[in-house]
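1. Coordinates for the following, if possible.
(chains A and B)
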Amino acid sequence: MFITVSFITIWEILSKQGIINSFIFSSPSKIIKCLYELYLANNLWIHIYVTLKEIFISFALGSIIGFTFAVLFYSIPILKKIFDPFLTMLNSLPKISLGPLLIIWLGANMNSIIVMSLLINTIVTLISIYNGLINTDPYKIKLFQSFKATNYQILTKLVIPHNIEVIISSLKLNISMSLIGAIVIWRE
Amino acid sequence: MNKILEIKNLSKDYHTINGEISAIEDISLDIYKNEIIGIVGSSGCGKSTLLSILAGIEKQSSGEIISDNNNFSYMLQNDTLIPWLNIIDNACLGLDIKHNKTPHNIAYVEKLLSNFGLSSFLKTYPNNLSGGMRQRVALVRTLATKPDIILLDEPLSALDYVTRLTISDDIYKLIKKSNVTTILISHDIAECISMCDRIVVLSKRPAKIKSIYDINLKNPKTPSENRRDEQFVHYYNLIWGDLDKDIT
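-> Residues are numbered from 1 along each chain as shown, chains lettered A, B, ... in the order given. Sure thing, here's the model as predicted:
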């Protein structure tokens, strides 16, 4: 709380004193004024609703697709080997530069925002969850194999529960990636 | 004595980028019902590989394992208790995997746990137990599926010396009470002599059988008492003599 209040206070002072450019960095008082104007014009809640909807849809889709492919690549290693070069290429692509192209292909609407967010968040989710799955304790896997567990049992009773913390961490990362995707296209 | 398991000319090779590495070479061994057989050898000689093959986790490169549809249960080197399952669920893990977690079997597991004084810890989680208690739970988990043969891969190696003596007595009593055939791997010759009916000495890699000793102590009792037997030192010197030749 103290850090948040200090940050906002210092930002306002630096902006008011002209130490930082308030056109580029804005200021807390300008933000509050803008929010108030939007509220008076009955535009605030609709904008919040639309942005949250875009973030939620891209977060949900990115999490499901990333998790599904991570599990598929873990279960079928040959698939990972086949798709690895494409994933590396897609991950290293400067996705933000695709913003204008997405708007041309899909229109200046929610679709381009969701696709941009998916391009940013899905690969990150997939890679972080997959790395967690393949680093499951090999002794525990051996234990399950000694009881003649099926691959499905090993996955559902051991590997996924073992990696709950990794999955939750990647979901936290996913939320911020979804927000970035939504804001980037909005700015375009 | 009835034969329960026959290992015939078993070999295991690993293919690496540096070529083929032979882990086990031409091991033949008969195992008898209800016996406790110990396997000793230098580190990395292939003891755990042999157990993994018997447990069905790895496949042999050549040779045969003849058993009458025997049910194996494997206790790994560390206790490998699942941290998000409580003690009763950990002990019933094998039953759960085999879809055999019936009330009757759960009652059996609870009885085994109470033999070890763990009946008040059923809902406790593994991180709240001592090393010795965890090892007891792992042994109960191994016995819960009522196996014909249990494979113990250095079950006491992670414990301090005093706890090892106590737990070895507990393990021995439970194995004898359960009438289960046991194959025990240990680095500790004294542990094997105190617990086993026979001891197989493996050579350094690739593992081959160097010698097999029948352990006939004068007054066999519990493992901790067996260490004071008159014959104990004699067997220790014999087995150490075999292992020492590999080191020098």
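
2. For the rest of this, base every contact and every neighbour count on C-alpha atoms.
-> Will do.

3. Quick one: the helices in chain A, in order.
-> Using DSSP state H, the helices of chain A run over A:2-16, A:22-25, A:28-40, A:44-75, A:77-92, A:99-106, A:110-134, A:138-146, A:151-154, A:160-162, A:164-187.

4. right, so of these, which gets closest to B:Ser62?
-> Smallest distance to B:Ser62 across those (C-alpha to C-alpha): 20.6 Å, for helix A:138-146.

5. could you say what helices and strands that closest one packs with?
-> helix A:151-154, strand B:72-75 (3 or more C-alpha pairs under 8 Å, 6 or more residues apart in numbering or on different chains; DSSP states H and E).

6. Adding mean neighbour count, distance to A:Asp84 and mean pLDDT, write the ones you listed out as JSON lines.
-> Putting these into JSON lines (neighbours: other C-alpha atoms under 10 Å in any protein chain shown; distance: least, C-alpha to C-alpha, whole Å; pLDDT from 0 to 100) gives the following:
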{"stretch": "helix A:151-154", "mean neighbour count": "14", "distance to A:Asp84": "22", "mean pLDDT": "95"}
{"stretch": "strand B:72-75", "mean neighbour count": "25", "distance to A:Asp84": "36", "mean pLDDT": "91"}
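
7. among the ones you listed, which is nearest B:Gly132?
-> Of all the helices and strands packed on helix A:138-146, the one in closest proximity to B:Gly132, counting by C-alpha to C-alpha, is strand B:72-75 (14.4 Å).

8. The very next helix or strand once past the closest one close to chain A?
-> Proceeding N to C from strand B:72-75, the next assigned helix or strand is helix B:87-91, under DSSP states H and E. No - for helix B:87-91, no contact with chain A is found by C-alpha under 8 Å from any C-alpha of the partner chain; the gap never falls below 11.6 Å.

9. For helix B:87-91, the averaged confidence score.
-> Helix B:87-91 shows a mean pLDDT of 96.

10. contact partners of that helix?
-> Outside of helix B:87-91, the residues within contact range by C-alpha atoms under 8 Å, 6 or more residues apart in numbering or on different chains are B:81-82, B:109-110, B:121-126, B:137-138, B:140-142, B:144.

11. go again using 10 Å as the cut-off
-> Applying C-alpha atoms under 10 Å, 6 or more residues apart in numbering or on different chains, the external contacts of helix B:87-91 come out as B:80-85, B:93, B:95-96, B:101, B:106, B:109-110, B:112-113, B:118-119, B:121-126, B:129, B:134, B:136-145.

12. Then stretch B:49-57?
-> The list of residues contacting stretch B:49-57 from outside it, by C-alpha under 10 Å, 6+ apart, reads A:142-148, B:5, B:7, B:10-12, B:23-24, B:27, B:39, B:46, B:48, B:58-61, B:65, B:67, B:71-76, B:149-153, B:183-185, B:207.

13. Around chain A, pick out the residues from chain B.
-> Taking C-alpha under 10 Å from any C-alpha of the partner chain, the part of chain B that reaches chain A is made up of B:52, B:54-58, B:71-84, B:93-98, B:142, B:145.

14. Go again with 6 Å.
-> Where chain B comes near chain A, counting by C-alpha under 6 Å from any C-alpha of the partner chain, the residues are B:55, B:80, B:94, B:97.

15. Let's have these in TSV, adding neighbour count, pLDDT and secondary structure.
-> Putting the residues of chain B next to chain A into TSV (neighbours: other C-alpha atoms under 10 Å in any protein chain shown; pLDDT from 0 to 100; DSSP: H, G, I helix; E, B strand; the rest coil) gives the following:
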residue	neighbour count	pLDDT	secondary structure
B:Ala55	22	90	coil
B:Thr80	20	89	coil
B:Gly94	24	95	helix
B:Ile97	18	96	helix
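
16. Please identify which of these is nearest to A:Ile103.
-> For A:Ile103, the nearest member of the residues of chain B next to chain A is B:Ile97. The distance, counting by C-alpha to C-alpha, is 51.2 Å.

17. got the contact list for the closest one?
-> B:Ile97 is in contact with A:Ala149, counting by C-alpha atoms under 6 Å, 6 or more residues apart in numbering or on different chains.

18. any idea how far it lies from A:Lys157?
-> Look at B:Ile97 and A:Lys157: by C-alpha to C-alpha, to the nearest Å, they are 9 Å apart.

19. Please enumerate the shared neighbours of the two.
-> Common neighbours of B:Ile97 and A:Lys157 are not found (criterion: C-alpha under 6 Å, 6+ apart).

20. what residue ranges in chain A score low on pLDDT?
-> For chain A, applying pLDDT under 70 flags the ranges A:185-188.

21. quick one, what contacts residue 62?
-> In the absence of a named chain, this looks at chain A. A:Gly62 makes contacts with A:118, A:121-122, as judged by C-alpha under 6 Å, 6+ apart.

22. wait, chain B
-> The neighbourhood of B:Ser62, defined by C-alpha under 6 Å, 6+ apart, consists of B:10-11.
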